[in-house]
Each structure stands twice: as structure tokens, then as C-alpha cells.
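[1] When you get a sec, could you give me coordinates for this:
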Amino acid sequence: MRGRIVAVCVSPEKGARKKNVGHGTLIEGFGLEGDGHGGDWHRQVSLLAMESIASMQAKGLDVHPGDFAENLTTEGLELFSLPIGTRLQVGAEVLLEVSQIGKVCHTRCAIYYQAGDCVMPREGIFAVVLRGGPVKTGDDILVLPPVDRKDPA
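    Here you go, the predicted model:
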């Protein structure tokens with residue numbers, strides 16, 4: 001399965017709308033350089049499909065990549081159907097591993113109040129950076145199977 005990056009978005013704090021900057025650097029074990037999601041935890045990078053954003057646009061909302069606080073906006077992949085542990089090769093260098101599907105929103109965001117719904121809790125995913133490198137709009141995403149980490153003993 002293949003998709004592509006349509007936006008690379010950052011903000012200095014977690015949970016805020018992010019700005020599409022078009023390119024960035026993913027840092028192994030951290031996340032997107034300069035972004036508030038970064039750190040030594042399981043949600044280093046957030047991803048949301050353009051198809052999910054389009055579903056909110058169809059409800060009449062003026063929303064765009066980054067408005068759901070995602071770092072990477074993708075196209076051509078049903079992200080929320082990928083199993084935990086799935087690896088994503090982004091461009092030639094970057095390797096991500098899906099660590100969480102969806103999330104619990106403890107407080108309602110502005111988008112929820114505008115539309116009565118928000119797709120990020122159901123359709124957004126999170127990943128850790130296994131191998132860092134540059135990422136930019138237009139990069140291909142190749143879906144790789146999860147690594148079997150079970151001890152055969």
C-alpha cells in the first residue's frame with residue numbers, strides 16, 4: 001500500500017492547530033523538530049488523512065491540513081485501519097511505527113464545537129520515529145508490515 005504526504009505541520013505546543021510548513025526533519029526517538037508533540041513517548045508524530053479532513057469540509061467546515069493538530073497530513077491511505085506496529089517508510093530515509101489509533105479528547109476543541117464532531121479522535125493515528133530524516137510534501141509513504149517482536153522461545 002502506498003500514499004503520500006500532502007502537508008508537514010508544526011506548532012510549538014500540543015493540541016494547537018498547526019501550520020503547514022511543507023517540510024521538516026523527523027528526529028529518531030523524538031518526533032518532528034520544533035513541534036510540541038515531540039518527546040520520549042508513544043505519540044511523537046500525529047498523522048491524519050486528507051480524506052478525513054475532506055469529510056469535515058463536506059459538513060461545511062473551513063478546515064485544512066494542520067487544523068486538527070496533526071503533524072503529517074497524508075493522502076491515499078486509510079490510516080485508522082492500520083494495525084498498531086505497522087511501519088511507514090516516508091521518503092527515502094524515515095521509518096515510523098504506528099503506536100496508537102485515535103485518542104481520547106478530554107476537552108472539546110474548537111472544531112468539535114463548530115461541527116458537533118471531530119475526526120481526529122477516531123481517524124487520527126500516532127507513531128514513533130524509528131529512523132529520522134527529512135520529510136516534505138509529496139514524499140511517498142510505503143506501508144510495511146509490523147515486525148513480529150515475539151520471542152520464539
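[2] other SSEs contacting the lengthiest helix in the chain?
    Of all the elements of type helix in the chain, the one with the most residues (DSSP state H) is helix 50-57. Identification of packing neighbours for helix 50-57 by 3 or more Cβ pairs under 8 Å, 6 or more residues apart in numbering; DSSP states H and E yields strand 72-75. Heads up, the C-betas are built off the backbone N, CA and C, glycines and all.
[3] can I assume Gln44 is in contact with Glu33?
    No: checked against Cβ atoms under 8 Å, the pair Gln44 and Glu33 is beyond contact range at 11.2 Å.
[4] quick one, what contacts the most centrally placed residue in the chain?
    Averaging the C-alpha coordinates of the chain gives a centre point, and the residue nearest to it by Cα atoms, centre = their mean is Leu47 (1.1 Å). Contact analysis of Leu47 by Cβ atoms under 8 Å, 6 or more residues apart in numbering lists 70-74, 79, 124-127.
[5] Same list, those, but as CSV with pLDDT, distance to Val90 and neighbour count please.
    Formatted as CSV, the contacts of Leu47 follow (pLDDT from 0 to 100; distance: Cβ to Cβ, whole Å; neighbours: other Cβ atoms under 10 Å):
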residue, pLDDT, distance to Val90, neighbour count
Glu70, 92, 14, 27
Asn71, 96, 11, 27
Leu72, 98, 8, 30
Thr73, 98, 12, 25
Thr74, 98, 9, 25
Leu79, 97, 13, 25
Gly124, 93, 16, 22
Ile125, 96, 13, 29
Phe126, 95, 15, 23
Ala127, 98, 10, 28
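[6] Would you mind checking which of the residues you listed is nearest to Arg87?
    Comparing the contacts of Leu47 against Arg87 with Cβ to Cβ picks out Ala127 as the nearest, at 8.9 Å.
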